[in-house]
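K.L.:
model this:
(chains A and B)
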Amino acid sequence: MKKSVKTVFWIYALLFFIIIANLVKISVFDRDKIINNPYNPRISNTSQNIMRGAILDAKERPIAETVRYDNENDALGRGYSYKRVYNFPYAFAHISGYTGSGKTGAEKEYNYILETVSNELYQTLASVTAKKDIKGDDIVLTIDADLQNYAAEQLGTSKGAVVALEPDSGKILTMVSYPNYDPNTVAQNWTALNTDTENSPLMSRAAQGLYPPGSTFKIITAAAAIESDPDLINYNYYCYGEENFDGKILHCYNSIDHGSEDMNNAFAQSCNTYFAKIGTMLGAQKLKAEADKFFVDPDFPLEYSKPLFTLDDTSPMHELVDTSIGQGKTLVSPLFMAMVTGAVANGGTMMKPYLLDHSITSFGLKSNVTIPEKLTQVLSPEDAGRVTELMKQVVAYGTAEDAAFSIEGKYDSVASDSALSASSFNDGNAFLTGPITVAGKTGTAENSSGADHAWFVAFAPAEDPHIAVAVLLENAGKGSKAIPVARNVMKYYLSNCYTE
Amino acid sequence: MAQIVIILSKYFFIFYILFFLWHGFIAATNKNNAEKSGASLAKQRLMIILFHINASIILLLADPAAASALFSRSLGIFVFLCAAAYITGKIYPNSSAILWNGVLFLSDIGIITLYTLNPALAEKQLVWHIAGMAAALVLPFVLDKLPRLDKFKTFYIVFAIILLVSTLIFGNEEFGSKNWITIGALTFQPSEVVKLLFIAYLASALSQNPSLRQLTVPAVLCMVILLCFVAQKDLGSALIFFMSFMVVVYIATSKVSYFLAGTLTAGAGAYLAYLVFPHIQVRVQAWLDPWSDVANKGYQIAHSLFAIATYGLVGAGLTRGFSTSIPVVDRDFIFSAICEEFGVIFGIGVVLIFLMIFLEGAVGALNAHNRFLCMFCAGLTSLLAFQSFVILGGVTKLIPLTGVTLPFLSYGGTSLLMCYVLVAIIQWIYQSCVQYENTAPPAPEGRPKRIPAPKRRKRAADEDISLDEVLQYNKRRKDGR
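P.N.:
Numbering: from 1, shown residues only, chains lettered A, B, ... in the order given. Model prediction:
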């Protein structure tokens, strides 16, 4: 009897120690995941009493910072006021977002870090004794402001987006959209910004815009073919410029007759009938199986739209044909196409795209460091190599010959020469020099809103990729229009920003 | 200024609770050394007082408008704590002071937390604490007058069944369970009393080492009551009730096989209930994956976890939590609010205070010289322990959530009162055992009536001394003095 009481004694102890162990698990190991759930009301809280942390670029230059104005009295009557200032108002608009009555972008996603007062006791004491500000933690993004500004300049006033990422980590290198807005004046211009449905400047086209992928989708069709049988690369077909698929008449671009071709030529010349033929040979099931591997939820930190792929066994023939060449009902964002390109560049491994490199506490220590994470394996390294070969030929002799470039040295000024002529490279210290092999794919997406959208996706250097880029220009016509933008961004990054 | 006090106090609070626990440990391991354990108990009380003063200062600073009202309430609680500590020592001279200290500290933490959530409720709660403490102080006199507690088994079980049946007939639904009875302005859960009565019944029914046949009647009755709880959708009570039943049966028989058989049967029953009742399925789904449906099914558990995890180990600071976002925060989820404002380390301290209380209860059972008292004490301790476990585990997503109150912390009139009654009975048993154990030192020479103590001899582990023997001995000692 006494022995059983002792056993019960130990059972109590065990049960309550399990509770304690679970509490530690929740509050230490699962904490980040729990905190960042969008339903947690604590993360959207902002305090008037503290100076919100700054959003910094990859080189720790402030993109958004809170400035103290000592002579302006605010609502709290403290004799000073805080104001949020955005230093790169247009280029970074969709990245930083804004904070005010509502929040978007990094201001929203990383609000909790920006409002976290580290070393709280020290800071509070300093604020009382030395009238210092109580400051939230700063966040450091993966984006270099130079590249972002350069990409924005390259995009200019064409509606569209540029997204570049590092294939082996998923780090976002640049992400710009146009039309954009100035977060400094978003409150004043609220009605105008919100009612401008034609330009929708508040929307990040890079992450939220959904477009038909056009011929860039042939990367996935080709991958499906190669995965089912690598010998299909040698499959020969005669293109007459158009073909009848069970009543669906499909044309090549401008009905150009590509003649006898294998997959290399067809991919380089972006032949529609060839890939529609491949699509019908594979069937809807195999194409869907391949697409499902690529169409994963990017789980991107900022506002984004998930890509759509609706083909299945029950879809009619014309839909299979259209889908194989990137028309049909498939819709993708430029961010997603950059991920697809990055996955091919990274030996078939798609990395999770990320924007936050780390945060910095008030004592200058690094915190919240992002560790690159694999999202999914879309292709085997061998098959990814085969697709890379196809993409190299697009630039070598196909529709994107214009994408090739070579690096002479560092580019010394962002503003002086947007065409990157040889004379503007006066510094021989670039990390890479000489001609760079580029692998890419053009796309011309037919759509209901008017002229075709121009796509170009690429990565470089093809042998050891450091950057994957996707460019979309709305209603720009032929895909080749997007090539110079992508090329210049890659060139700028590899000559100026890339360092091992 | 207030901010500095709040931030500094986060660390002070952690210190108070850890120091309190440490001295609880010293007092528990030095029970034979009156001086040492006395000093530790005094330090524990000092910690309660410091905690109370510190928390009151924060409440005053945070709400200067209500300062004078708050000050008098805070003083009222202070007086209650001191008086309770003093009078329990007088009325229960040989009870476990560690247990009383634990109860008082928890009570203060509960009232202070309620103040930050809803001052009106905190004031009501204080009244309930006073009522509970008053009941606890009256109970030993009543119990001393009832010498044969183990002879009323029929009364216990009949009364329990009457209560249950009347709940089924007259009960109204609150918080999703149809197990409340309203008499005038008073709403209470008869299930709390039923549990106590059944433990009393069980302890008396099994006070002779029972055979398997003799176990049948209690087991069947247990099943009936369990089904009633399930029918009332009071799953928390069902769980607490069943686990306490198993503990008492295990202590009575010392047979692990019964324990395993019971657990397996219950597991099968629970699975069956899961298949039959949709509301159980909803709870299990919310437990398995609250994140996929935070807006509806997973709402409670997800918001509880947000509260616990967001401000981490040292918490947001008293008054700085997001208590309004936590569902049923003043009752079931008060522990989440405590973790949010005082931090998880403090929360772990609270869990350890509970453990300390229950381990003292187990010590009471261990020292009992009578099968009935041993099982009764262990059963009552189990009621409290499993009640705490079920809700602590529920709000931390360790087990599916079932709504029960957290003893001494949650707001709730009759459930708080019942907790005091349970603790009072546990303490009464504890003290009758200690009195029995401390065989009287020889009285001074020349004293006319010297009562000889029962001969102390080495007893076999399971040998009994009847409750009568103990009580009569105690009575004679008292009279003789």
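
K.L.:
name the element residue A:335 belongs to?
P.N.:
Here residue A:335, judged by DSSP states H and E, is contained in helix A:334-345.

K.L.:
which SSE is immediately downstream of that helix?
P.N.:
Stepping forward along the backbone from helix A:334-345, the first helix or strand reached (DSSP H and E) is strand A:349-351.

K.L.:
give the next helix or strand downstream of that following strand.
P.N.:
Using DSSP H and E, the next helix or strand after strand A:349-351 towards the C-terminus is strand A:356-360.

K.L.:
which other helices and strands contact the helix holding residue A:335?
P.N.:
strand A:160-165, helix A:205-208, helix A:218-228, strand A:349-351, helix A:381-396, strand A:439-447, strand A:450-460, strand A:467-473 (3 or more C-beta pairs under 8 Å, 6 or more residues apart in numbering or on different chains; DSSP states H and E). Bear in mind the C-beta positions are built from the backbone N, C-alpha and C, glycine included.

K.L.:
between the two ends of stretch A:190-203, how far is it?
P.N.:
13 Å (C-alpha to C-alpha, to the nearest Å).

K.L.:
pLDDT of the helix holding residue A:335, averaged?
P.N.:
Averaged across helix A:334-345, the pLDDT comes to 97.

K.L.:
and the angle for that helix with strand A:439-447?
P.N.:
Our comparison of helix A:334-345 with strand A:439-447, counting by axes from the mean of the first three to the mean of the last three C-alpha atoms, to 10 degrees, yields an angle of 150 degrees.

K.L.:
out of the helices and strands packed on helix A:334-345, nearest to residue B:328?
P.N.:
Taking C-beta to C-beta, helix A:205-208 is the member of the helices and strands packed on helix A:334-345 nearest to residue B:328, at 38.1 Å.

K.L.:
residues in contact with the closest one?
P.N.:
Here helix A:205-208 makes contact (C-beta atoms under 8 Å, 6 or more residues apart in numbering or on different chains) with A:94, A:159-163, A:175-178, A:300, A:302-305, A:333-335, A:472, A:474.

K.L.:
quick one: the helix holding residue A:335 to chain centroid distance?
P.N.:
Relative to the centre of its chain, helix A:334-345 is centred 8 Å away, using C-alpha atoms, centre = their mean, to the nearest Å.

K.L.:
pull it out as PDB, backbone CA atoms only.
P.N.:
What follows is helix A:334-345, C-alpha atoms only, in PDB (Å, rounded to 0.1, in the frame of the first residue of the first chain):
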ATOM      1  CA  PRO A 334       7.400  36.700 -62.000                       C
ATOM      2  CA  LEU A 335       8.600  35.600 -58.500                       C
ATOM      3  CA  PHE A 336       7.400  32.100 -59.300                       C
ATOM      4  CA  MET A 337       9.200  32.000 -62.700                       C
ATOM      5  CA  ALA A 338      12.400  33.200 -61.000                       C
ATOM      6  CA  MET A 339      12.000  30.200 -58.600                       C
ATOM      7  CA  VAL A 340      11.500  27.800 -61.500                       C
ATOM      8  CA  THR A 341      14.600  29.200 -63.200                       C
ATOM      9  CA  GLY A 342      16.600  29.100 -60.000                       C
ATOM     10  CA  ALA A 343      15.600  25.500 -59.400                       C
ATOM     11  CA  VAL A 344      17.000  24.500 -62.800                       C
ATOM     12  CA  ALA A 345      20.100  26.500 -62.100                       C
END
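
K.L.:
just the element for residue B:165, please.
P.N.:
helix B:153-170.

K.L.:
mind listing what's buried in that helix?
P.N.:
Judged by neighbour count (16 or more other C-beta atoms under 10 Å in any protein chain shown), helix B:153-170 contains these buried residues: B:153, B:156, B:157, B:159, B:160, B:161, B:163, B:164, B:167.

K.L.:
pull the number of nearby residues for the nearest residue to residue B:374 once chain neighbours are set aside.
P.N.:
Distance criterion C-beta to C-beta, 6 or more residues apart in numbering or on different chains; nearest residue to residue B:374, sequence neighbours excluded, is residue B:368 at 3.8 Å. Neighbour count of residue B:368, defined by other C-beta atoms under 10 Å in any protein chain shown: 27.

K.L.:
for residue B:159, see how far away residue B:368 is.
P.N.:
Separation of residue B:368 from residue B:159 (C-beta to C-beta, to the nearest Å) stands at 24 Å.

K.L.:
same question, residue B:292
P.N.:
Distance from residue B:292 to residue B:159, by C-beta to C-beta: 46 Å.

K.L.:
surely residue A:299 meets residue A:351?
P.N.:
No - counting by C-beta atoms under 8 Å, residue A:299 does not reach residue A:351; the two are 11.4 Å apart.

K.L.:
mind listing residues that contact stretch B:274-285?
P.N.:
Residues outside stretch B:274-285 that contact it (C-beta under 8 Å, 6+ apart): B:176, B:230, B:233, B:235, B:273, B:297, B:400, B:401, B:402.

K.L.:
please name the nearest non-neighbouring residue to the fifth one.
P.N.:
Read it as residue B:273. Per C-beta to C-beta, 6+ apart, closest to residue B:273 is residue B:280, 5.6 Å.

K.L.:
tell me what residue A:141 is bridged to.
P.N.:
residue A:356 (DSSP bridges).

K.L.:
surely it and residue A:64 touch.
P.N.:
No - between residue A:141 and residue A:64 there is no contact under C-beta under 8 Å: 10.2 Å.

K.L.:
what residues do these two have in common as contacts?
P.N.:
A:55, A:106.

K.L.:
of the two, which one has the most company?
P.N.:
Shown here are residue A:141 and residue A:64; by other C-beta under 10 Å, residue A:64 has more neighbours (28 against 25).

K.L.:
how near is residue A:109 to residue B:295?
P.N.:
20 Å.

K.L.:
which one of those two has more residues nearby?
P.N.:
For residue A:109 versus residue B:295, neighbours defined as other C-beta under 10 Å are more numerous around residue A:109 (22 against 8).

K.L.:
how confident was the prediction at residue B:197?
P.N.:
91.

K.L.:
ok, now the one 10 residues further on?
P.N.:
The predicted local confidence for residue B:207 comes out at a pLDDT of 83.
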